[in-house]
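Trainee: Model the following, please.
(2 chains)
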Amino acid sequence: MSDSLLAAVSQYGAPALFAIVAIAAIGAPLPITLLLIVAGSMISQGAMNLWWAIGAASAGSILGDLSGYAIGRWGGPATVTKLSGMFGKRVRLEAMEAKVKAWGGSGIFVTRWLLSPLGPWVNLASGTAGYPWHRFLFWDMLGEISGVAVLIFLGRLFSDRVMSLYAVLGDLTWAVAALLAAVVFGYLLFKYVRQARAR
Amino acid sequence: MGKTWQRVLAVGLAFVLAMAGTFLFAYRAGRRARHIHTANEPIREWMSVPFIAHTHHVPAPALFQAIGVHPQQPRDRRSVRHIARDLNRPVSELMTELQRAIDAAAQPPGGQPR
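Mentor: As a prediction, this is how the structure comes out:
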């Protein structure tokens, strides 16, 4: 399916980009990073307009995020449970809600670009937790527009190295995720060792 | 060993694995980034002929000619798979022909490699 989506962006440009990014923002696991890099490369080749591409991708992702938020807020528990299981992933929304409350805007911002696989679940949890919509929109727009712009500019800069750049970004994302896990486990380790010694 | 120390051991192991993962992926990213300008860009089915031409620094008309296609418009953005379907030919065959044309452009007969 990824090949068909990439071919659609290559052939139809910004409208295809808008639609695919919106669907991904609701929760479908689609290769958005690669799509945005390809869009950047196409801009460099003169096949797509820079501002149209940034506008379409940002608008699509914000629309998808707001749909997720609206489902969480007004869709009711049955719809939320159904949607969270639709794409093969069931997340503990209660745990995610607690994180949304604890992290607030910074959590929404970071899950737009760095921890993007968590984005759709944070959208749902923000809705169910009753996070104010205007604050959600502010952090969502900030994160999405900056994330989209960075990837498109990188694609434009390395327009003839699309697949290599994608591989580098993939490894970097895993490195950052592993580092975050190390920080969490390091903190837990420190806490447990102190508890064990105190006994 | 008490339950508390078992928990310390499990979390310690997870910490070591996470650190190892951090260094492994960071090293791989660094190595790939160093060779980004010399790495071989693969041809994929979703790519259009002008896209492949751009990533391999070869004129697009030369690639269209290599697969025996007259572009439908000045910017024919059909994917290789789409062209293969239109021509009723296997995608792998077109990709091989494109790769051959790229290799030929990189090493013209009797000339120095690019």
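Trainee: Can you read off the backbone torsions of the residue most central in space within chain A?
Mentor: Nearest to the geometric centre of chain A sits residue A:116, at 2.7 Å (C-alpha atoms, centre = their mean). The phi and psi torsions at residue A:116 (degrees, to the nearest 10) take the values phi -60, psi -30.
Trainee: Please name the residues that touch it.
Mentor: Residue A:116 is in contact with A:32-33, A:147, counting by C-beta atoms under 8 Å, 6 or more residues apart in numbering or on different chains. Just so you know, the C-beta spots here come from the backbone N, C-alpha and C atoms, and that holds for glycine as well.
Trainee: quick one: it from residue A:24, how far?
Mentor: Distance of residue A:116 to residue A:24, given as C-beta to C-beta, to the nearest Å: 9 Å.
Trainee: what do these two both touch?
Mentor: residue A:32.
Trainee: residues in contact with the residue located most distally from the centre of chain A?
Mentor: Distance from the C-alpha centroid of chain A, by C-alpha atoms, centre = their mean, peaks at residue A:199 (43.2 Å). By C-beta under 8 Å, 6+ apart, the contact set of residue A:199 is B:2, B:4.
Trainee: Next one, pLDDT for it please.
Mentor: pLDDT, residue A:199: 71.
Trainee: Can you list the buried residues in the helix or strand hosting residue A:181?
Mentor: Assessed by DSSP states H and E, residue A:181 sits inside helix A:162-198. By neighbour count with 16 or more other C-beta atoms under 10 Å in any protein chain shown, helix A:162-198 contains the buried residues A:162-179, A:181-182, A:185-186, A:188-189, A:192-193.
Trainee: near chain B, anything from it?
Mentor: Yes. Using C-beta under 8 Å from any C-beta of the partner chain, helix A:162-198 reaches chain B at A:162-165, A:167-168, A:171-172, A:174-175, A:178-179, A:181-182, A:185-186, A:188-189, A:192-193, A:195-196.
Trainee: Check stretch A:14-26 too.
Mentor: No. Legend: contact between stretch A:14-26 and chain B by C-beta under 8 Å from any C-beta is lacking; minimum distance shown is 10.9 Å.
Trainee: And the helices in chain B?
Mentor: Assigned by DSSP state H, chain B shows helices spanning B:3-34, B:49-56, B:60-66, B:80-87, B:91-106.
Trainee: quick one: contacts of the third one?
Mentor: With contacts defined as C-beta under 8 Å, 6+ apart, helix B:60-66 is touched by B:49-50, B:52-54, B:70-71, B:76, B:97-98, B:100-102, B:105.
Trainee: Surely residue A:149 and residue A:53 touch.
Mentor: No. Using C-beta atoms under 8 Å, residue A:149 is not in contact with residue A:53; the gap is 9.6 Å.
Trainee: In terms of neighbours, single out the busier of these two.
Mentor: Using other C-beta atoms under 10 Å in any protein chain shown as the criterion, residue A:149 and residue A:53 rank with residue A:53 on top: 25 against 18.
Trainee: check contacts around the more buried one.
Mentor: Counting by C-beta under 8 Å, 6+ apart, the residues that residue A:53 touches are A:13-14, A:17, A:39-40, A:42-43, A:152.
Trainee: quick check: domain ranges of chain B?
Mentor: Domain assignment for chain B by automatic domain parsing gives B:1-39, B:49-106.
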